[in-house]
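Student: Sequence plus predicted model, see below.
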Amino acid sequence: SPSFSSVIHVFTRDDMCNTSVRMRDPQRVEETLRCMQKAGLNTLQVISDFDMTLTRFARNGKRCPTSHNILEISKMISSECKEKLKDLLDKYYPIEIDSSKTIEEKLPLMVEWWTRAHALIMQQKIRKDQLTLAVQESDAMLREGYQEFFDCLNQHSVPLLIFSAGLGDVLEEVVRQAGVFHPNVKVISNFMDFDETGVMTSFKGELIHIYNKREGALLNTGHFEELRSRPNVLLLGDSLGDLTMADGVQEVEKVLKIGFLNDKVDERLPSYLNSYDIVLLKDETMEVPNAILDFLVAD
Ligand SMILES: Nc1ccn([C@@H]2O[C@H](COP(=O)(O)O)[C@@H](O)[C@H]2O)c(=O)n1
């Protein structure tokens with residue numbers, strides 16, 4: 001069974017050109033993992049963002065789509081609407097990753113992006129039964145090693161909450177088509193409402209955007225109440241907004257935060273190192289989360 005030194009080996013080796021791992025305080029990471037291992041897998045829950053965290057950011061230099069992009073570039077969307085959605089992406093994504101702006105400055109602009117994009121999507125008479133094809137025809141891709149990650153959590157009955165500001169119906173289809181929508185997976189996201197003929201009419205419930213996951217978590221107390229006996233959390237995200245995903249966890253003990261830093265790496269590294277325990281630079285794989293699971297499984 002893997003020792004901590006073998007986990008650290010995965011963290012630190014540089015024989016794989018796509019892996020680069022940074023830690024503000026490696027000793028604290030080790031202590032946290034040892035505590036989690038000692039407490040056992042029946043005290044663990046995993047909370048993960050979806051877009052660009054469970055999915056790849058890029059492949060062969062080409063950006064992979066988010067759950068929004070999968071829908072936005074599909075045949076279901078008119079070319080006029082596609083253009084408008086692309087304009088929104090071009091305007092707001094640079095703001096999302098702008099390290100010179102504070103979260104307070106970005107927040108109203110992100111709400112504006114999501115609200116405008118969702119208003120456009122709602123006009124498109126999207127059919128529920130066409131989502132499967134939209135995902136099949138897309139370049140959506142879970143990170144290398146995803147199967148091991150999902151299967152290991154399922155095999156050990158560790159709950160996985162996918163907490164996404166993306167499109168729930170689309171991301172569920174991605175996970176389903178990858179064959180890993182196991183019974184231990186639950187999704188909190190923006191889900192569509194369809195009429196009796198299967199045409200989209202609106203979005204359900206409160207909007208989840210990149211910076212209100214804390215509020216989203218607190219609206220889902222039932223889920224966290226059910227997991228009260230699991231106070232240890234492995235949190236996976238790709239934005240500073242993802243750091244609040246575990247705010248609903250009851251009587252929390254240990255939280256280990258793993259952040260994928262995919263874009264504008266040099267500019268954003270200091271703030272990621274301040275906030276995440278482990279930062280993975282331009283790493284398109286699940287190698288580090290999987291090494292951590294291997295270590296935690298070996299109790
Ligand atoms: N119209 C939009 C709005 C947002 N995005 C991207 O989706 C990501 C949010 O989803 P998470 O699973 O990461 O919570 C966010 O990073 C935006 O870049 C989009 O592509 N289109």
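Tutor: On my side now, so go ahead.
Student: Give me the contacts around stretch 98-117.
Tutor: 68, 72, 85, 88, 91-92, 95-96, 165, 207, 209-211, 240-241, 264, 267-268, 271 (Cβ atoms under 8 Å, 6 or more residues apart in numbering). Where C-beta positions appear, they are placed from N, C-alpha and C, glycine not excepted.
Student: ok, 6 Å please
Tutor: Residues from elsewhere that reach stretch 98-117, judged by Cβ atoms under 6 Å, 6 or more residues apart in numbering: Leu85, Leu88, Tyr92, Ile95, Leu207, His209, Ile210, Tyr211, Glu267, Arg268.
Student: Dump these to JSON lines, plus secondary structure.
Tutor: JSON lines is the format used below for the contacts of stretch 98-117 (DSSP: H, G, I helix; E, B strand; the rest coil):
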{"residue": "Leu85", "secondary structure": "helix"}
{"residue": "Leu88", "secondary structure": "helix"}
{"residue": "Tyr92", "secondary structure": "helix"}
{"residue": "Ile95", "secondary structure": "helix"}
{"residue": "Leu207", "secondary structure": "coil"}
{"residue": "His209", "secondary structure": "coil"}
{"residue": "Ile210", "secondary structure": "coil"}
{"residue": "Tyr211", "secondary structure": "coil"}
{"residue": "Glu267", "secondary structure": "helix"}
{"residue": "Arg268", "secondary structure": "helix"}
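Student: how about these in CSV, adding pLDDT?
Tutor: Listed next are these as CSV, based on pLDDT from 0 to 100:
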residue, pLDDT
Leu85, 97
Leu88, 98
Tyr92, 98
Ile95, 97
Leu207, 97
His209, 97
Ile210, 96
Tyr211, 96
Glu267, 97
Arg268, 97
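Student: surely Tyr276 meets Val255?
Tutor: No: here Tyr276 lies out of contact with Val255, judged by Cβ atoms under 6 Å, at a distance of 10.7 Å.
Student: Now stretch 139-152: buried residues?
Tutor: Neighbour counts over stretch 139-152 (16 or more other Cβ atoms under 10 Å) mark Ala140, Met141, Leu142, Arg143, Glu144, Gly145, Tyr146, Glu148, Phe149, Phe150, Cys152 as buried.
Student: I meant to write stretch 114-132 there.
Tutor: Trp114, Arg116, Ala117, His118, Leu120, Ile121, Gln124, Ile126, Leu131.
Student: same question, stretch 59-69
Tutor: Cys64, Pro65, Thr66, Ser67, His68, Asn69.
Student: ditto for stretch 194-210
Tutor: In stretch 194-210, counting by 16+ other Cβ under 10 Å, buried: Phe194, Met200, Phe203, Ile208, His209, Ile210.
Student: what do you get for stretch 268-279?
Tutor: Quick answer for stretch 268-279 (16+ other Cβ under 10 Å): Arg268, Tyr272, Leu273, Tyr276, Asp277, Ile278, Val279.
Student: hmm, the longest helix seen in the chain touching the ligand?
Tutor: Ranked by residue count and defined by DSSP state H, the top helix of the chain is helix 103-122. Yes: using Cβ under 6 Å from any ligand atom, we find that helix 103-122 touches the ligand at Trp113, Trp114, Ala117.
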